[in-house]
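Asks: Need the 3D shape of this:
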Amino acid sequence: MIKSVSVTILLSLLVTVAAKSQDNKFVYRDLLKKPNTLYCHMAVGLCEDYPPETTAPAKIEGDMKVMKAAGVKFLRFGMGWDHIETAKGEFNWSFWDQFVKIAVDKYGMTLIPYFCYTPKWNSTGDTSNYWNHTPMDYNEFGKFVYEAVSRYKDKIKSWEIWNEADIPDFWSGDVKDYAKLLKIGSEAVRKADPKAIVVLAGLAWNTNFTYALFHDYGISKFVDVVNIHSYNETWSGLPLEHLYDHIERISDIVRQYGNHQSIWLCEVGYSDCRKGAYVSYNYDAKYKYEHTPEYQGNDLFRTLTLIMSTGKAAAAAWYRIEDLPVGTNVIGDVNNDFLGVVNTKFRPKPAEGALKFFVKFFHEKNKCIDEQVTITRKIGSNSVVHVFENEDGSVSIVAWLQTHVPGTYEQTDNGDLRDGRIENISISIPMKLSTDAVAFNELGDKLASPHVSAEFNSTVVDSLSLKGGKIYIIRIPK
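Replies: Just a heads-up that it's a prediction; the model follows:
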């Protein structure tokens, strides 16, 4: 009897471990997009920073609970070479051992870390400015990467080589220098774990940098994923909607010179910080609602929708989980303190609600059918509409009026313009659907149902009224 119970318990444990292992493998597999797949699911995650010298276990636990509540499964963060190997050949893994134990073993999260930054003993910079400089000996980076991947390969299957190497804030070298680092790092990852995913450093904005890496330095065979970052309308003065063209440009580079690498946008964000009209050195707010906690949630839903509409992105991750206390020493400016989906006390902001609703609303595979849809709207319309056919045959619509439309308003000192824009549009979908449509805002609150008519092989959403600063999310059953 005792033996029978023991065997039963053992089998139960093995099944549980196997289930967790299969789940983790599935999530990593879900982060890669197979070529020519008709219906896809864009994985959604979060990003965060974990300085070992200031991060307590309670912070890690709090972040994992936020992720669980939001329904996201993967986390991007930096793993600092400079903190782990403070002297050549001397490694301190204690913090990351604890981190992985909490994140993976306790909460079942999928981790996608990036390697950074140069330790003082191997930096071409000086003693006070060393971490973002090129190494004196690049091969030492390869040795570090091999040690890290070997240590965590049973728990982590994705490794990104550096962060924003296209800007001097994070990399003092040029594209040739980074190509050298990438190749050494990639070879070390694959030597330690041939099944691991190798990710190109998430690049801040410079598509010419990406082009040179592929065209001039032949890095295609060294990476499985190309990562892109975006902070349109926060640190970038470009309208959010220009992100679509940026993704298309990266996709063209991969198509011409790559080998079907997946594309991630695993660091996108929008702050709820402003002083009058001023947001950053590149962006001033026009409307009173911009860069408020409420509109941060709106931007999160629009950003993820826009990325998904390209059909090119396998994954997207919002930066970041938790706001920082004002005055925290960060790279950049005060916007860094106000990018979280929760505040410094882990209290949810509207962005957390928007993230949770996006994950729930788009939980199944879909394909964007924008090119099949006919939209009736005025000339010079500011409307943005994306339409998705879900695998179960239902259709989802997300529509809004573009917020930042250069040249269409007078800038005020306080950025307190009232947005009185209203546009009525009609959307014709080339398939017969139910007329029982349901509409929501970005938090999942129900709105008045739109008027939908259907006949033969066509469904029309009539006179959908779009208002400035608002988003309309519609589900039409099959």
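Asks: quick one: contacts for Asp169?
Replies: By Cβ atoms under 8 Å, 6 or more residues apart in numbering, the contact set of Asp169 is Asn132, Ile331, Gly332. Glycine gets a C-beta too; all of them are placed from N, C-alpha and C.
Asks: Any stretches of the stretch 301-450 of the chain with poor pLDDT?
Replies: Within the stretch 301-450 of the chain, no range satisfies pLDDT under 70.
Asks: ok, back up a step: give me the buried entries from the contacts of Asp169.
Replies: Among the contacts of Asp169, those buried by neighbour count (16 or more other Cβ atoms under 10 Å) are Asn132.
Asks: So which of the contacts of Asp169 is the closest to Leu265?
Replies: Gly332 (18.7 Å; Cβ to Cβ).
Asks: In which helix or strand does that closest one reside?
Replies: Assigned by DSSP states H and E, Gly332 falls within no helix or strand.
Asks: Isn't it up against Trp235?
Replies: Yes. The pair Gly332 and Trp235 qualifies as a contact (Cβ atoms under 8 Å) at a distance of 7.3 Å.
Asks: Count the neighbours of the closest residue to Ile184 other than its chain neighbours for me.
Replies: Counting by Cβ to Cβ, 6 or more residues apart in numbering, Gly142 is the residue found nearest to Ile184 once chain neighbours are left out, at 4.2 Å. Using other Cβ atoms under 10 Å, Gly142 has 20 other residues around it.
Asks: secondary structure class for Gly142?
Replies: Using DSSP: H, G, I helix; E, B strand; the rest coil, the structure places Gly142 in helix.
Asks: Surely it touches Lys183?
Replies: No. Using Cβ under 8 Å, Gly142 is not in contact with Lys183; the gap is 9.2 Å.
Asks: So what does Glu90 have for phi and psi?
Replies: phi -110, psi 110 (degrees, to the nearest 10).
Asks: got a pLDDT number for it?
Replies: Per-residue pLDDT puts Glu90 at 98.
Asks: circling back to that earlier point, export the contacts of Asp169 as TSV, with columns for distance to Asn414.
Replies: Shown next, in TSV, are the contacts of Asp169 (distance: Cβ to Cβ, whole Å):
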residue	distance to Asn414
Asn132	36
Ile331	28
Gly332	24
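Asks: From the contacts of Asp169, pick the one nearest Pro168.
Replies: Among the contacts of Asp169, and counting by Cβ to Cβ, the member closest to Pro168 is Asn132, at 7.5 Å.
Asks: can you map out the helices along the stretch 201-350 of the chain?
Replies: Assigned by DSSP state H, counting those that start in this stretch, the stretch 201-350 of the chain shows helices spanning 207-215, 243-257, 293-309, 350-361.
Asks: Of all those, which one is nearest Ala103?
Replies: helix 350-361 (18.3 Å).
Asks: contact partners of that closest one?
Replies: So helix 350-361 is in contact with 44, 46, 66, 69-72, 272, 293-294, 296-298, 300-301, 304-305, 318, 340-342, 396, 440, 442-444, 473, 475, going by Cβ under 8 Å, 6+ apart.
Asks: hmm, which of these are the buried ones?
Replies: 44, 46, 66, 70, 72, 272, 296-298, 300-301, 304-305, 318, 340-342, 396, 440, 442-443, 473, 475.
Asks: correct me, but Phe91 touches Glu85?
Replies: Yes. With contact defined as Cβ under 8 Å, Phe91 and Glu85 form a contacting pair (5.4 Å).
Asks: any residues in contact with both of the two?
Replies: By Cβ under 8 Å, 6+ apart, the residues touching both Phe91 and Glu85 are Phe144.
Asks: Quick check: Leu417 touching Tyr289?
Replies: No. Under the criterion of Cβ under 8 Å, Leu417 makes no contact with Tyr289, lying 9.6 Å away.
Asks: Give me the common contacts of the two.
Replies: By Cβ under 8 Å, 6+ apart, no residue touches both Leu417 and Tyr289.
Asks: Name the residues of stretch 461-473 that are buried.
Replies: Val461, Leu464, Leu466, Gly468, Gly469, Lys470, Ile471, Tyr472, Ile473.
Asks: Now do the fourth one against Gly142, distance only.
Replies: When you say that, I think you mean Gly468. Distance of Gly468 to Gly142, given as Cβ to Cβ, to the nearest Å: 52 Å.
Asks: Contacts only, for Ile321.
Replies: Ile321 touches Leu46, Cys47, Glu48, Asp63, Val66, Met67, Gly340, Val341, Val342, counting by Cβ under 8 Å, 6+ apart.
Asks: if you set the cut-off to 7 Å instead, what comes out?
Replies: Leu46, Glu48, Asp63, Val66, Gly340, Val341, Val342 (Cβ atoms under 7 Å, 6 or more residues apart in numbering).
Asks: would CSV of the residues you listed with distance to Asn259 be doable?
Replies: Output for the contacts of Ile321, formatted as CSV (distance: Cβ to Cβ, whole Å):
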residue, distance to Asn259
Leu46, 29
Glu48, 31
Asp63, 35
Val66, 36
Gly340, 36
Val341, 35
Val342, 39
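Asks: Restricted to strands, list those.
Replies: If you go by DSSP state E, the contacts of Ile321 have Leu46 in strands.
Asks: ok, the contacts of Ile321 vs Asp137, which is closest?
Replies: Using Cβ to Cβ, Glu48 is the member of those that lies nearest Asp137, at 30.5 Å.
Asks: Now the closest one, what are its backbone angles?
Replies: Torsion angles, degrees, to the nearest 10, at Glu48: phi -160, psi 160.
Asks: Roughly how far does it sit from Glu455?
Replies: 50 Å.
Asks: hmm, back to that, inside strands: which ones of the buried residues of stretch 461-473?
Replies: Val461, Leu464, Leu466, Ile471, Tyr472, Ile473.
Asks: can the residues you listed go into TSV with extra columns for distance to Met79 and pLDDT?
Replies: Output for these, formatted as TSV (distance: Cβ to Cβ, whole Å; pLDDT from 0 to 100):
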residue	distance to Met79	pLDDT
Val461	47	98
Leu464	46	97
Leu466	44	98
Ile471	36	98
Tyr472	41	98
Ile473	36	98
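Asks: Taking the residues you listed, tell me the two that lie furthest apart.
Replies: Val461 and Ile471 (15.0 Å).
Asks: what number of residues lie near Asp370?
Replies: Asp370, neighbours per other Cβ under 10 Å, totals 13.
Asks: My error: substitute Ser262 in the last question.
Replies: Ser262, neighbours per other Cβ under 10 Å, totals 21.
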